[in-house]
Each structure stands twice: as structure tokens, then as C-alpha cells.
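Engineer: Using only what follows, build the 3D model:
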Amino acid sequence: MPWSRPNDSDPLEIKRRKLQEQERLLAEQMSRLTEELHKSGEPLPEEIRPSEPPVWRLEEDGAHSRVAEPAPRRNLARQRQRDKILFFVLVAILLIVLGLFIWSISAHHAE
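Structural biologist: Residues are numbered from 1 along each chain as shown. This is a model prediction of the structure:
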């Protein structure tokens, strides 16, 4: 299939092309309606002005490589604090269970 594009299976590419087609149709319709208003002699409303490109178009034109920013240090410190608390709580539970196990074995042997 020499005529097919490699991005035909990519849903984002299909959506982008669909949005471009819709944008083109809307621009044609707007220019046709503006032309009809000019022919009728009515003054143009102030709302009709050149529209800015959609946000997705602006993002696409921007830098493609986005570097993830490192998490702030305070979030890591809070996570470490939570981890320490959890560690000591689990160690305490383990010691309690171990103590109960030893006590039950020693009580069983004492009989």
C-alpha cells in the first residue's frame, strides 16, 4: 500500500486531521458569511475578528521535548517522614505479635 500513511492507525493523528478539517470548514463558512454580510451592506459586528489558532495547534507548534520537573524537596521529606512512621508502627506490631507468640509458647510449656 504505497498510498497509505504510516500514521493511519494512530488515533491521535486521526483526531488531529479530523480537527484540522473541521477548522478548515469553519474558516470557509466564516469567510462566506462575512462575504454575504459585505454584499448586504450591513455593518460587520465587532464579534467577527480573526480567530486565534486553537490551543492544540499552539501546543503542537511549541517545543516537542518536555522535561519532567523534579518534585519539590518538601514533598520528598514528607514522604520520608510518613515512611519512618509507618516503619516504626509495623515494627511495634511485629514485636507485639512476637511477644504474644513467645508468651503463648512459654505458657504452653509451663503446663
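Engineer: Okay, domains of the protein per the record?
Structural biologist: 7-62, 75-111 (automatic domain parsing).
Engineer: Which of those domains has the lowest mean pLDDT?
Structural biologist: Sorting the domains of the chain by mean pLDDT places domain 7-62 lowest, at a mean of 77.
Engineer: about what we covered before: how about the domains of the chain in JSON lines, adding mean neighbour count?
Structural biologist: Yep, even glycine has a C-beta here, placed from its N, CA and C like the rest. Formatted as JSON lines, these follow (neighbours: other CB atoms under 10 Å):
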{"stretch": "domain 7-62", "mean neighbour count": "10"}
{"stretch": "domain 75-111", "mean neighbour count": "10"}
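Engineer: Can you name every helix or strand that the helix or strand containing Arg16 contacts?
Structural biologist: Element membership for Arg16, per DSSP states H and E: helix 11-40. The helices and strands touching helix 11-40, judged by 3 or more CB pairs under 8 Å, 6 or more residues apart in numbering; DSSP states H and E, are helix 55-61.
Engineer: which helix is the longest one in this protein?
Structural biologist: Taking DSSP state H as the criterion, the chain has its longest helix at helix 73-110.
Engineer: so how far is Gln22 from Ser31?
Structural biologist: Using CB to CB, to the nearest Å, Ser31 is found at 15 Å from Gln22.
Engineer: same deal with Ile96?
Structural biologist: 65 Å.
Engineer: Contact partners for Lys18?
Structural biologist: Under the criterion of CB atoms under 8 Å, 6 or more residues apart in numbering, Lys18 has no neighbours.
Engineer: Who are the packing partners of the longest helix of the chain?
Structural biologist: By 3+ CB pairs under 8 Å, 6+ apart, helix 73-110 packs against no helix or strand.
Engineer: Now Asp10: phi and psi?
Structural biologist: Reported as degrees, to the nearest 10, the phi and psi values for Asp10 are phi -80, psi 120.
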